[in-house]
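1. Need coordinates for the following:
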Amino acid sequence: MKNNLVQQLDALASWRHALDQRVGALAEFIAEHELADAGSAAALEALRRKLAADRLVLAVVAEVSRGKSELLNAIFFADTGRRVLPATPGRTTMCPVELRHEPDQPPELALLPIDTRLGGQTLAEWRQQHAAWQRLSLDPQNPDGLAEALQLVTQTRRVSTVMAAELGFWSDEHPQDNPPRLDDGSVEVPAWRHALINYPHPLLQRGLVVLDTPGLNAVGAEPELTLGLLPGAHAAVFLVAADTGVSRSDLDIWTEHLGEQLPERFVVLNKTDILADPLSTPQQVATQLDNHRRKIAQTLNAPLERVFALSARDALAARIQGDPAALQRSGLPELEAALARDLLPRQRALLAQATGAATQGLRRTALRRLAEKRRHSAEQMLELRGLRGKSNAKVHAMLLRLDAEMGDFELCQTRLAAVRAVHQRQLAKAMAPLASEPLHADVAALGRLLGSQPLRLGGRKAFQALCARLRQALADAGMQCQEIEQMLAASYQQLNAEFGFAFAHAAAPALGRFVEELDLIERSYIRYLGPLQAWRMSGSAFLEQFQRMLLSKLRVVLESAAGEIELWSKGAAAQIEQQLRERRRAFAHRRDALQRIQSAAGELERRIAEVELQDKHLAGLQGQLDALVEQAVAAAASRHLPATADDEHDAPRRSLAH
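-> Reported below is the predicted structural model:
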């Protein structure tokens with residue numbers, strides 16, 4: 001029987017599929033009738049890719065021995081009939097683990113050796129290097145073999161303290177975080193830097209990706225987690241144990257690595273089974289659990305409705321034994337219901353918002369194209385009706401006048417070329433602050449400063465100055481875009497009045513969200529430049545990786561902003577080319593019609609009928625466009641759509657074909 005989370009993911013997938021069909025019908029209609037410019041078509045294609053491949057990333061975060069692996073066993077592996085992920089005392093997951101499903105790859109466990117930290121390359125870069133990972137095939141039909149294979153995530157290595165420091169696991173300045181020394185003076189560190197499990201679980205097959213993090217020391221030692229993976233998650237489930245409450249290390253993880261940066265956070269009070277007391281009544285135990293929840297909510301400043309008391313061990317046993325009542329008592333269904341209730345609607349709302357913005361923008365562009373075509377048809381209709389009862393001499397005069405109009409039209413090319421030249425100069429000025437070369441130089445200078453200072457003195461101030469410069473760069477680019485918009489608005493108004501164009505300027509892109517992304521990066525990275533984290537920078541490999549990740553994150557922000565400006569600029573330029581092409585096409589049609597009328601009696605009425613039919617066709621296209629956009633918007637807003645609606649969607653396409 002499907003649980004609630006599976007059902008909700010199925011509903012989300014069906015909704016996305018139905019919405020993609022609506023958007024696809026609109027895209028086909030727009031392409032068939034040449035109603036979109038390059039920018040609008042690119043935005044629509046990007047939307048379809050997002051609808052088809054959107055993933056939901058859930059991070060499971062906790063200190064060691066809080067029961068993360070058992071929780072994942074209860075949710076993902078109970079159908080195997082046994083405990084699969086290592087969750088017994090003394091067997092702790094030592095590296096970050098990602099659970100996902102890639103349908104084009106076989107079930108497997110991929111492990112990245114811990115030594116890759118020494119090279120300075122980020123995890124994102126290592127993902128592209130297939131040969132660097134050690135891979136082990138998994139057989140979902142063999143639970144014992146599956147459990148044995150996944151024991152590898154608990155492996156450790158013995159290294160010297162010098163090597164442990166280079167890997168980020170040892171600090172003479174902060175001995176409280178160091179692993180214990182063994183008899184020979186060595187220490188144990190994780191054998192693997194990262195693990196990827198490709199597994200065909202129903203939740204994972206529906207686009208859920210789960211990130212299982214190790215304890216605080218490993219989280220802090222891997223900047224990819226705190227600076228990339230955790231901030232990129234859509235939600236986090238944070239575990240504390242009923243026997244420890246919120247410990248100091250728990251609080252450190254919550255405040256330093258989760259904070260307010262994740263939009264959705266859920267807290268789990270796990271191991272509630274240890275509170276069972278034969279000397280207490282069930283009501284007394286329930287009151288004790290409720291008090292625990294309230295205290296945790298107060299300590300973490302989290303909403304009480306987001307704090308869940310459960311026993312992952314009891315939930316796993318209940319699912320293996322097929323006991324619904326015991327499963328309900330374990331508390332796990334409440335957490336899964338909350339994830340389905342609170343997390344998935346947010347994803348739906350974000351996709352619906354993106355769909356509405358893309359389709360309405362496309363509608364505006366297409367309506368402008370249709371309006372321009374109908375205006376040309378109306379002008380030609382007036383001209384043709386005026387020829388009724390006129391002589392060939394009159395038709396000849398009309399041809400001469402048309403030639404004069406075409407000559408005047410070609411004169412506007414000089415004006416348009418001037419507008420293009422000014423536009424390109426202003427665009428270059430807008431893109432200049434977002435260039436990557438100064439960013440490379442600034443990050444390299446920051447790295448040299450951090451590497452030359454024993455206590456990283458001045459690094460925090462230099463980093464803040466870098467972020468301030470980038471914020472100013474975004475502000476400068478935004479101001480230049482406003483100038484471009486003003487120039488285009490004035491130029492279009494004159495061209496429309498003098499030459500009969502229908503140019504419309506689009507509002508300059510808002511770059512505020514890129515400033516927000518920059519603020520998030522600053523908050524995430526600056527914690528490593530304080531005195532408490534300065535020791536981690538003492539390792540050259542860690543410092544190099546920090547620098548490479550920082551450069552990568554900042555470059556993505558600037559390149560994304562530049563890409564949005566460029567797309568907007570292309571849209572503005574594209575309508576000039578489109579209207580020039582349409583105008584030339586209209587002139588050609590008029591000349592052809594007049595020449596045929598001049599050479600053949602009766603051609604005038606046939607041509608008038610053709611133009612009338614063409615105008616009716618354009619009016620019909622406008623109605624069909626409105627209907628398709630409204631269907632897409634309604635699909636985005638609907639909560640109850642069929643998984644497939646091919647017949648409904650094919651009907652308007654069939655009518656368009658005729």
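
2. shaky segments in the stretch 151-300 of the chain?
-> 173-174, 177, 215-228, 259-263 (pLDDT under 70).

3. in it, which spans are strands?
-> Taking DSSP state E, counting those that start in this stretch as the criterion, the stretch 151-300 of the chain contains strands spanning 156-159, 187-190, 192-198, 208-212, 235-241, 264-270.

4. With distance to residue 561 and mean neighbour count added, can I get those in CSV?
-> The C-beta positions use only the backbone N, C-alpha and C, and glycine is treated the same way. Formatted as CSV, the strands of the stretch 151-300 of the chain follow (distance: least, CB to CB, whole Å; neighbours: other CB atoms under 10 Å):
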stretch, distance to residue 561, mean neighbour count
strand 156-159, 43, 17
strand 187-190, 37, 22
strand 192-198, 30, 23
strand 208-212, 27, 21
strand 235-241, 26, 24
strand 264-270, 26, 23
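
5. Please convert these to JSON lines, extending it with distance to residue 628.
-> Listed next are the strands of the stretch 151-300 of the chain as JSON lines, based on distance: least, CB to CB, whole Å:
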{"stretch": "strand 156-159", "distance to residue 628": "59"}
{"stretch": "strand 187-190", "distance to residue 628": "53"}
{"stretch": "strand 192-198", "distance to residue 628": "38"}
{"stretch": "strand 208-212", "distance to residue 628": "32"}
{"stretch": "strand 235-241", "distance to residue 628": "34"}
{"stretch": "strand 264-270", "distance to residue 628": "33"}
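
6. Let me see the contact set for residue 74.
-> Residues in contact with residue 74 (CB atoms under 8 Å, 6 or more residues apart in numbering) are 312-313, 315-316, 319, 330, 332.

7. Could you tell me which of the residues you listed belong to strands?
-> Taking DSSP state E, every one of the contacts of residue 74 sits outside strands.

8. Now list the buried members of those residues.
-> 312-313, 315-316, 319, 330, 332 (16 or more other CB atoms under 10 Å).

9. I'd like to know which of the strands of the stretch 151-300 of the chain is closest to residue 618.
-> strand 208-212 (46.2 Å; CB to CB).

10. From the rest of the structure, what touches the closest one?
-> 9, 55-60, 68-69, 72, 76, 93, 96-100, 204, 229-230, 233.

11. Can you turn the buried part of those into a ChimeraX selection?
-> Selection of buried members from those for ChimeraX, criterion 16+ other CB under 10 Å:
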select :9,56,57,58,59,60,68,69,72,76,93,96,97,98,99,100,204,229,230,233
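
12. Which of the contacts of strand 208-212 fall within helices?
-> Secondary structure from DSSP state H places 9, 68-69, 72, 204, 230 of these in helices.

13. Nearest to residue 129, out of the strands of the stretch 151-300 of the chain?
-> strand 192-198 (12.4 Å).

14. Now do the strands in the stretch 301-450 of the chain.
-> Going by DSSP E, counting those that start in this stretch, the stretch 301-450 of the chain shows strands at 307-309.

15. which residues of it score low on pLDDT?
-> The model of the stretch 301-450 of the chain has pLDDT under 70 over residues 383, 386-393, 395.

16. any idea where the helices of the stretch 1-150 of the chain begin and end?
-> 4-32, 38-53, 68-72, 123-127, 143-150 (DSSP state H, counting those that start in this stretch).

17. so what pLDDT did residue 84 get?
-> For residue 84, the pLDDT comes out at 89.

18. Tally up the residues packed near the closest residue to it other than its chain neighbours, please.
-> Closest residue to residue 84 apart from its sequence neighbours, by CB to CB, 6 or more residues apart in numbering: residue 77 at 3.9 Å. Using other CB atoms under 10 Å, residue 77 has 25 neighbouring residues.

19. got the contact list for residue 77?
-> Counting by CB under 8 Å, 6+ apart, residue 77 has contacts 83-85, 146, 201.

20. for residue 623, same thing?
-> With CB under 8 Å, 6+ apart, residue 623 has no contacts at all.

21. next helix or strand past the helix or strand hosting residue 549?
-> In this structure, residue 549 is located in helix 540-599 according to DSSP states H and E. Sequence-wise, the next helix or strand downstream of helix 540-599 (DSSP H and E) is helix 603-637.

22. Quick one: closest of the strands of the stretch 151-300 of the chain to residue 18.
-> Of these, nearest to residue 18 by CB to CB is strand 208-212, at 20.0 Å.

23. Could you check how far that closest one is from the centre of its chain?
-> 16 Å (CA atoms, centre = their mean, to the nearest Å).

24. about what we covered before: which member of the ones in helices among the contacts of strand 208-212 is positioned nearest residue 255?
-> residue 230 (13.1 Å).

25. in terms of contact, does that closest one touch residue 60 like I think?
-> No: using CB atoms under 8 Å, residue 230 is not in contact with residue 60, being 10.9 Å away.

26. Report the set of residues contacting both of the two.
-> 211, 213, 236.

27. can I get those in CSV with distance to residue 439?
-> Listed next are those as CSV, based on distance: CB to CB, whole Å:
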residue, distance to residue 439
211, 28
213, 30
236, 30
